[in-house]
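Novice: predicted model follows, preceded by the sequence.
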Amino acid sequence: MKLAVLLGLLFGLAGCATRDPALDPGYTLSEVQDLKGAVCNPIADSPGQAVVLIFVRTDCPISNHYAPELERLKKAYSPQVAFWLVYPDAETTASEITAHLKEYSLTLKPLRDPRHQLVRRAAVKVTPEAAVFAGGVEIYHGRIDDRYVDFGKERPAPTRRDLDLVIQSVLAGRPVPKGRAAAIGCYITD
């Protein structure tokens, strides 16, 4: 009897330990919150054909530089696409996020990801970096466009708008363009 209980516990624990949020569209995001503290799963609960998560920080100049482009994308593709700003810095408060949204005229819905559940799910490394989900499955993560070539090297205007191309492909029912260029920005740290 004791052996059966022990084996049951072992197999039960093994099932919990192997659950991978990157592979499970139904994964519960228990620590992701809106600015009022309500738990939110933007991947599962957002209407539209796609969900775009854009990871930003209040103190990242590259993220802040993208505010007009993010608003342009939202205006062009809502309501077919749900857009969310994800703030992964655990120290950033809701009031700081509200001030940031106001300062940069951002109207995308904000989320706090203090335990990096969305960061891990989207496999992002820097801000700003975008992740696109369709049907609960990640189909893209990477840069917004090629404006930043490297740290301190910026083009006057982008020559390729990666995120825009991905959204267009999803809405048209075409395959997402191949290749993902790494985003340039502020590193997401624990």
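Specialist: Sure, I can see it.
Novice: tell me how far the residue nearest the centre of the chain lies from R155.
Specialist: Closest to where the C-alpha atoms of the chain average out (Cα atoms, centre = their mean) is L53, at 3.1 Å. Distance, L53 to R155, using Cβ to Cβ, to the nearest Å: 25 Å. The C-beta positions use only the backbone N, C-alpha and C, and glycine is treated the same way.
Novice: where's Q49 relative to L165, distance?
Specialist: Per Cβ to Cβ, Q49 is found 15 Å from L165.
Novice: what about H141, which helix or strand?
Specialist: strand 137-142 (DSSP states H and E).
Novice: no wait, L73
Specialist: Using DSSP H and E, L73 sits within helix 67-77.
Novice: same for the strand holding H141, what does it pack against?
Specialist: Under the contact definition 3 or more Cβ pairs under 8 Å, 6 or more residues apart in numbering; DSSP states H and E, strand 137-142 sits against helix 117-122, strand 129-134, helix 162-172.
Novice: let's see 10 Å
Specialist: Applying 3 or more Cβ pairs under 10 Å, 6 or more residues apart in numbering; DSSP states H and E, we find strand 137-142 packed against strand 50-55, helix 117-122, strand 129-134, helix 162-172.
Novice: what's the first one packed up against?
Specialist: Under the contact criterion of 3+ Cβ pairs under 10 Å, 6+ apart, strand 50-55 touches helix 42-45, helix 67-77, strand 81-87, helix 117-122, strand 126-127, strand 129-134, strand 137-142, helix 162-172.
Novice: my read is that E96 contacts D89, right?
Specialist: Yes - using Cβ atoms under 10 Å, E96 makes contact with D89 at a distance of 9.2 Å.
Novice: joint contacts of these two?
Specialist: Residues touching both E96 and D89 (Cβ atoms under 10 Å, 6 or more residues apart in numbering): 58-59.
Novice: neighbour count: those two, which is higher?
Specialist: Neighbours were tallied for E96 and for D89 using other Cβ atoms under 10 Å; the higher tally belongs to D89 (21 against 14).
Novice: measure that one to D190 for me?
Specialist: 10 Å.
Novice: now E96
Specialist: 19 Å.
Novice: done for today, thanks.
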